Each structure stands twice: as C-alpha cells, then as structure tokens.
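[1] with the input below, show me the fold.
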Amino acid sequence: MTSGIGRSRAREPALGRDDAATLAPAVAALAAGELVVFPTESVYGLGADATSASAVARLVAVRGREEGKPILVLAHDLASVATVTTTIPAAARRLAERLWPAPLTLVLPAREGLPAPLTAGTGTIGVRVPGHATARALVAALGRPVTAPSANPPGRAAAATVAAARDYFGSAVGAYVDGGPLPGGASTVVTFDGERARVLRPGLVDEATIRRALDE
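    The predicted structure follows:
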C-alpha cells in the first residue's frame with residue numbers, strides 16, 4: 001500500500017481569487033451558525049463552526065449522533081491547532097510538520113470548553129490540516145476550526161458527490177461546495193500514548209509513511 005500524500009499534493013492546485021469568491025457563501029453560512037457540505041481528500045464533509053456549541057448541536061441534530069464517537073475537526077495550519085488542544089506531544093508535532101496537510105488525523109488532548117460532542121467525553125479531540133485545498137481555504141477563511149464528519153447519516157454511505165449529500169440533508173444545510181466526484185476512503189487516525197504513536201484507524205496515509213516520518 002502506498003501513501004496518497006504525494007499524489008494529493010501534486011494534483012491539488014492553489015485556489016485563485018475566483019475560487020475564494022465561490023467559497024464566500026459557505027464561509028458566511030458557517031459564521032452564521034449554519035452547516036456546510038464541502039470536499040475533503042476522500043469524501044464530502046459536514047462542516048460547522050467547531051467553536052460554537054449551538055452550531056455543533058445543529059450538526060448533531062441534522063446528521064444524527066453516533067453514541068460515544070467524537071467529531072473530528074479541521075484546522076488551517078499547525079499553529080491554529082492550539083485552538084482545540086492543550087498540548088501537542090513531540091511525536092505528534094513531528095508528524096504534523098512532516099506530513100500535513102494530509103488525510104492524517106491526530107488525536108490530541110482537548111482544550112476545556114469545547115462543545116461536548118466534539119470529544120464525546122474522551123478528553124481528546126481528533127484534528128488535522130486537510131490535504132484538499134478547498135477544505136483548507138474554507139477553514140482559513142472562517143478563521144476557526146471546522147467540523148468534518150463525513151456528510152451522511154450514521155449507517156449510510158459517505159457522500160462522494162454533492163448530489164448524494166444534498167439527497168441526505170437538503171435545505172438543512174446552508175451551503176454546498178461542489179468539488180466534483182471524490183475518490184472515497186478515510187483519513188488515517190493516529191493516537192499517542194505519551195510519545196508513542198499508535199495507528200487507531202488505518203486510512204489514506206499508510207503506517208510505513210508514519211513510521212518514516214517518526215524516524216522509527
């Protein structure tokens with residue numbers, strides 16, 4: 001199995017001024033506490049302002065809750081991760097610096113005061129800097145972390161097209177950002193026991209790539 005990092009970086013163009021203008025309605029919707037569907041590296045995500053308890057509550061009400069399952073969030077860059085976590089272990093920082101942006105979610109100690117569904121009582125939160133330019137631009141434009149569970153109700157197939165997401169959620173979502181058909185898959189999730197990294201969920205970044213980044 002090979003990592004998708006190099007391929008995703010190679011094919012992801014930088015967003016131009018016209019693309020940024022296209023995102024404006026989605027950014028406005030997030031700022032108003034509404035939900036947004038947007039493309040990630042694998043499938044469409046369902047976005048809400050991760051710092052707003054009411055927006056996250058709306059996300060849970062619209063999407064449905066998977067009991068005991070935290071909700072991952074996207075940050076614009078490594079510095080902005082401090083918004084949702086208290087500390088970044090050295091091993092996590094090494095992975096972030098060497099591999100982000102990428103479909104690699106790091107499970108880190110959660111900052112107090114975050115909306116409760118994000119952590120589901122675990123005391124940790126999953127966060128990543130996405131490898132998809134549109135997702136990254138959306139988070140940067142809002143200036144706050146954005147939730148990114150897959151855009152589907154629990155038990156249904158993750159939406160690989162905007163049309164599929166619209167069929168699920170209709171007018172309950174304030175804005176849909178069309179990134180075309182997406183390839184499917186999921187981010188790799190890595191957790192940390194002290195400074196020891198452990199793959200919690202295999203995904204688009206393979207374990208060999210992670211070990212190389214850690215120099216293990």
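
[2] pull the residues that contact the top helix by length along the chain.
    Using DSSP state H to define each element, the chain has its longest helix at helix 17-31. The contact list for helix 17-31 (CB atoms under 8 Å, 6 or more residues apart in numbering) reads 15, 35-36, 38, 47-49, 55, 134, 137-138, 141-142, 146, 174-177. Every C-beta, even on glycine, is put in place using the N, C-alpha and C of the backbone.

[3] how about the CA coordinates for the helix or strand just after that helix, as CSV?
    Per DSSP states H and E, the first helix or strand lying C-terminal to helix 17-31 is strand 36-39. Extracted in CSV, the C-alpha atoms of strand 36-39 (Å, rounded to 0.1, in the frame of the first residue of the first chain):
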residue,chain,number,x,y,z
VAL,A,36,-21.9,23.4,5.1
VAL,A,37,-21.1,20.5,2.9
PHE,A,38,-17.6,20.6,1.4
PRO,A,39,-15.0,18.4,-0.3
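
[4] quick one: residues in contact with the following helix or strand past strand 36-39.
    On the C-terminal side of strand 36-39, the nearest following helix or strand under DSSP H and E is strand 44-47. For strand 44-47, the external contacting residues (CB under 8 Å, 6+ apart) are 26, 30, 35-39, 59, 62-63, 74, 135, 138, 146-151, 158-162, 164-165, 169, 173, 179, 182.

[5] any stretches of the protein with poor pLDDT?
    By pLDDT under 70, the weakly predicted segments of the chain are 1-20, 216.

[6] buried residues in stretch 150-161?
    By 16 or more other CB atoms under 10 Å, the buried positions in stretch 150-161 come out as S150, A151, N152, A158, A159, A160, T161.

[7] sorry, that was for stretch 173-182
    Residues of stretch 173-182 classed as buried by neighbour count (16+ other CB under 10 Å): V173, G174, A175, Y176, V177, D178, G179, L182.

[8] can you count the residues close to V27?
    21 (other CB atoms under 10 Å).

[9] gap between it and A140?
    Relative to A140, V27 is positioned 9 Å away (CB to CB, to the nearest Å).

[10] circling back: widest-spaced pair of the buried residues of stretch 173-182?
    Pairwise distances across the buried residues of stretch 173-182 (CB to CB) peak at 20.5 Å, for the pair G174 and L182.

[11] by contact count, what packs against the host helix or strand of A208?
    A208 belongs to helix 207-214 when assigned by DSSP H and E. Packing partners of helix 207-214 (3 or more CB pairs under 8 Å, 6 or more residues apart in numbering; DSSP states H and E): helix 90-99, strand 188-193, strand 196-201.

[12] all set now, cheers.
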